[in-house]
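J.: Structure for the following, please:
(4 chains)
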Protein chains: 2
Amino acid sequence: MINTDELMSIRAAELYYEENKTQDEIGSILRLTRWKVGRLLAQAKASGFIRIEIVHPRARRLPVERRLRESTGLTDAIVVSSVGVANDEELQSRTAQAAADYLTGLRPIPRTLGISWGRTLHDVSLHLKHGWAPGVDVVQINGGVSLNKRAGTAATTAVTIAHKAFGAATLLPSPAILERLETKQAIESDRAVAAVLEQAAGASAYLYSAGQADAHSALVDSGYLSPDEVAELVRRGAVGDIVGRYIDKNGDIVDSELDERTLGIQLEQLRRATLAIAVISGGAKHAVARAIVGSGLCTVLVTDEDTARALLGDDV
Amino acid sequence: MINTDELMSIRAAELYYEENKTQDEIGSILRLTRWKVGRLLAQAKASGFIRIEIVHPRARRLPVERRLRESTGLTDAIVVSSVGVANDEELQSRTAQAAADYLTGLRPIPRTLGISWGRTLHDVSLHLKHGWAPGVDVVQINGGVSLNKRAGTAATTAVTIAHKAFGAATLLPSPAILERLETKQAIESDRAVAAVLEQAAGASAYLYSAGQADAHSALVDSGYLSPDEVAELVRRGAVGDIVGRYIDKNGDIVDSELDERTLGIQLEQLRRATLAIAVISGGAKHAVARAIVGSGLCTVLVTDEDTARALLGDDV
DNA sequence: GGGCATATTGCTCATATGAGCAGGAGGGGC
DNA sequence: GCCCCTCCTGCTCATATGAGCAATATGCCC
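T.: Now for the predicted structure:
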């Protein structure tokens, strides 16, 4: 049975929010003092009967962001609303847009930005406005040029971001994963490659995304790994990959032999970074997001509401 | 491309509605004057970016009610919110509850209330509180006692409503539809039946629901009609039934021969009534609701938001 | 570039609202 | 039945907000 006050608070809420009446007017309609009306409305809000949503592709969820900052070690969290989103694509676009906004608003402006590559990062590059920053150099932090089927995507991403900021792009001229350890070591010690890696190590900020651990991963798409190899990694606890390296739910490398053959900055370099921005969205990436945030691989997370709630352990 | 003001209005809305900041505080955060913030918020509201919903089973939709009253000849409209409703059953329960509330609040209190029977009315009777009125006599306005499979539902409904109002119930001792015209005329002229019909004709208010025109109708359930007969009625334009009589989309009797054999008050008596309350909910009853409201068969409509919007021609 | 029409801004002032407090009603415990 | 404690009510007062208006900026035609 619903009590009288609750019912009255609903009647009051209808008149207040839907009919735009003042609390005083509502008072005379419901034969209550205006103070009682005010209290009923406060009660209705507190009980969660009044739901206020901001319906807009650019809307963020500040309370969720705050909770994320408070309950994790993140220095910042950007959470886009998933109200009214039909598909994952729309959600990813919103998240990429938010990441672009965050980059644009970033102070101090980073001199050098280290980036990974992939669908998400490419999306971010497209959402950045021309002139988003007055000069930022971009450097790739993991390999991936040659084998990429969607030719040049990795390079295009870096170049676009740099170009739009009137800066220079430095590409890492190497595959993401080498077949043999010796080859990797050889490439790594090559002067051109070593110079890029050095620049990457000294970047003032990092921006990267994560891949889910399954056959849809960009590393599979690009031909570096077979679906079977990924399935084996999953069996061994992989939840996803960042900068080409597969991690488990604790943020640890799953297969050190594979990792040795992966060219790019180390996870430890990300962990030590003052500013490492992870951009992650979509239901399939909840697990990898948890691993990244939980093990301190990023200092800033840009994500969607559902992922954020999954991290927070919300039931809804 | 989204313009700057729109984006600012979203940022302002986040701070105002989610972070409970004052417009002044928002002003200093966004580097705007507090008046600009106020205008941005007003703009966000006007553009529909701020959605305020009252989430409660007893919540009504006053703006929809007003539009219904204005665009139809109804003297009153009660529209329950369908936010957060999972199934039709929940919706019907909410609507029945609203009808019970409406009856309880009705002034002047009717001396005699003429009612039909059916699932909906039964539901209303259960939602009424004991002592909902200080004495109201209830009279059935259409037949339906004997054949009803759910034995005595029709009678129980009338008795419950009357009992809870400390009044007397008068049952109409007749089937809803007779097989032969002569039988119907004979019963109708029987003293006991005629007296009830006379009382029904003089009721100060009517309360009835409507059935959809398909095999799930209560008249089929009760055995008065076969699914085939209903199908034939549909073919001839029937959209539903009220007080046992099938009507088309104009509110006209579909089959006058069948109607002649139907015992109860005439549609014209409902149309002439000062107070005729129709209680209708569920997606399957949009058509019959339209017919009833459109042809003036009720003066008050109690319904759900979706049905109301269908009547108003809203797209959503 | 000048002048006009229109939109936008920053203000004053009236009003609506929430915080905090004093008095009073209700409801056990003895 | 009496008292005390708690919760609730209705108030005063400070603050937040929206309406309306003058001043200013913007765009547009010639």
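
J.: Around DNA strand D, pick out the residues from the stretch 1-150 of chain A.
T.: For the stretch 1-150 of chain A, the residues in contact with DNA strand D (C-beta under 7 Å from any atom of the strand) are A:32-33, A:35-36, A:39. Quick note: C-beta positions are derived from backbone N, CA and C, even for glycine.

J.: which regions of the stretch 101-250 of chain A sit below the pLDDT cut-off?
T.: Counting by pLDDT under 70, the stretch 101-250 of chain A shows low-confidence ranges at A:145-151.

J.: As a check, name the ranges of all strands in it.
T.: Secondary structure of the stretch 101-250 of chain A, counting by DSSP state E, counting those that start in this stretch: strands at A:112-115, A:137-140, A:169-170, A:205-212, A:238-242, A:245-248.

J.: ok, how many other residues are close to the residue in the stretch 151-300 of chain A positioned nearest to chain B?
T.: Here the stretch 151-300 of chain A gets closest to chain B at one residue, residue A:164, 15.5 Å apart by C-beta to the nearest C-beta. For residue A:164, the neighbour count with other C-beta atoms under 10 Å in any protein chain shown is 20.

J.: thought it was touching residue A:127?
T.: No. With contact defined as C-beta atoms under 8 Å, residue A:164 does not count as touching residue A:127 (10.1 Å).

J.: list the contacts for the residue nearest the centre of chain A?
T.: The centre of chain A sits closest to residue A:279, judged by C-alpha atoms, centre = their mean, with a distance of 2.3 Å. Contacts of residue A:279 were listed using C-beta atoms under 8 Å, 6 or more residues apart in numbering or on different chains, and they are A:95-96, A:99, A:120-121, A:124, A:207-209, A:302-303.

J.: And the pLDDT for it?
T.: Looking at residue A:279, its pLDDT stands at 97.

J.: A strand includes it, no?
T.: Yes. Assessed with DSSP: H, G, I helix; E, B strand; the rest coil, residue A:279 lies in a strand.

J.: Relative to residue A:94, how far out is it?
T.: 11 Å (C-beta to C-beta, to the nearest Å).

J.: cool, and residue A:246?
T.: 27 Å.

J.: now residue A:198
T.: Here the distance between residue A:198 and residue A:94 works out to 36 Å (C-beta to C-beta).

J.: Just want to know which of these two has more residues nearby.
T.: Neighbours were counted for residue A:198 and for residue A:94 using other C-beta under 10 Å; residue A:94 has more, 23 against 10.

J.: Spit out the contact partners of that one.
T.: With contacts defined as C-beta under 8 Å, 6+ apart, the neighbours of residue A:94 are A:57-58, A:80-82, A:85, A:281, A:304.

J.: Which helix or which strand is home to it?
T.: The secondary structure element spanning residue A:94 is helix A:88-105 (assigned by DSSP states H and E).

J.: go on, residue A:51?
T.: Using DSSP H and E, residue A:51 falls within strand A:50-54.

J.: what about that strand, distance to the chain center?
T.: Computed by C-alpha atoms, centre = their mean, to the nearest Å, the separation of strand A:50-54 from the middle of its chain amounts to 24 Å.

J.: Show me what counts as buried in the helix or strand just after that strand.
T.: Toward the C-terminal end, the helix or strand that comes next after strand A:50-54 (DSSP H and E) is helix A:62-71. Using 16 or more other C-beta atoms under 10 Å in any protein chain shown as the burial criterion, the residues of helix A:62-71 that qualify are A:62, A:64-65, A:67-68.

J.: Spatially nearest residue to residue A:27 (excluding sequence neighbours)?
T.: Using C-beta to C-beta, 6 or more residues apart in numbering or on different chains and skipping residues adjacent in sequence, the residue nearest residue A:27 is residue A:34, 4.3 Å away.

J.: Now for that neighbour: which residues touch it?
T.: In this structure, residue A:34 makes contact with A:22-24, A:26-27, judged by C-beta under 8 Å, 6+ apart.

J.: With neighbour count added, can I get those residues in TSV?
T.: What follows is the contacts of residue A:34, written out as TSV (neighbours: other C-beta atoms under 10 Å in any protein chain shown):
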residue	neighbour count
A:22	12
A:23	19
A:24	12
A:26	24
A:27	20
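
J.: can you tell me which two in the residues you listed are farthest apart?
T.: The largest distance within the contacts of residue A:34, taken as C-beta to C-beta, falls between A:22 and A:27 and amounts to 8.6 Å.

J.: Next, the angle from the helix holding residue A:94 to strand A:205-212.
T.: For the pair helix A:88-105 and strand A:205-212, the angle between their directions (axes from the mean of the first three to the mean of the last three C-alpha atoms, to 10 degrees) equals 170 degrees.

J.: how about the CA coordinates for helix A:88-105, as PDB?
T.: What follows is helix A:88-105, C-alpha atoms only, in PDB (Å, rounded to 0.1, in the frame of the first residue of the first chain):
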ATOM      1  CA  ASP A  88      27.300   0.400 -30.300                       C
ATOM      2  CA  GLU A  89      28.500   2.500 -33.200                       C
ATOM      3  CA  GLU A  90      26.600   5.600 -32.000                       C
ATOM      4  CA  LEU A  91      28.100   5.000 -28.600                       C
ATOM      5  CA  GLN A  92      31.600   4.800 -29.900                       C
ATOM      6  CA  SER A  93      31.200   7.900 -31.900                       C
ATOM      7  CA  ARG A  94      29.900   9.800 -28.800                       C
ATOM      8  CA  THR A  95      32.900   8.500 -26.800                       C
ATOM      9  CA  ALA A  96      35.300   9.500 -29.500                       C
ATOM     10  CA  GLN A  97      33.800  12.900 -29.700                       C
ATOM     11  CA  ALA A  98      34.200  13.300 -26.000                       C
ATOM     12  CA  ALA A  99      37.800  12.300 -26.200                       C
ATOM     13  CA  ALA A 100      38.400  14.900 -28.900                       C
ATOM     14  CA  ASP A 101      36.700  17.500 -26.700                       C
ATOM     15  CA  TYR A 102      38.900  16.400 -23.800                       C
ATOM     16  CA  LEU A 103      42.100  16.700 -25.800                       C
ATOM     17  CA  THR A 104      41.000  20.100 -27.100                       C
ATOM     18  CA  GLY A 105      40.400  21.400 -23.600                       C
END
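
J.: before we move on, the earlier item: save the contacts of residue A:279 as JSON lines, and put in neighbour count and distance to residue A:217 too.
T.: Listed next are these as JSON lines, based on neighbours: other C-beta atoms under 10 Å in any protein chain shown; distance: C-beta to C-beta, whole Å:
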{"residue": "A:95", "neighbour count": "28", "distance to residue A:217": "18"}
{"residue": "A:96", "neighbour count": "25", "distance to residue A:217": "18"}
{"residue": "A:99", "neighbour count": "30", "distance to residue A:217": "20"}
{"residue": "A:120", "neighbour count": "28", "distance to residue A:217": "12"}
{"residue": "A:121", "neighbour count": "24", "distance to residue A:217": "14"}
{"residue": "A:124", "neighbour count": "28", "distance to residue A:217": "18"}
{"residue": "A:207", "neighbour count": "28", "distance to residue A:217": "19"}
{"residue": "A:208", "neighbour count": "27", "distance to residue A:217": "14"}
{"residue": "A:209", "neighbour count": "31", "distance to residue A:217": "12"}
{"residue": "A:302", "neighbour count": "28", "distance to residue A:217": "20"}
{"residue": "A:303", "neighbour count": "30", "distance to residue A:217": "18"}
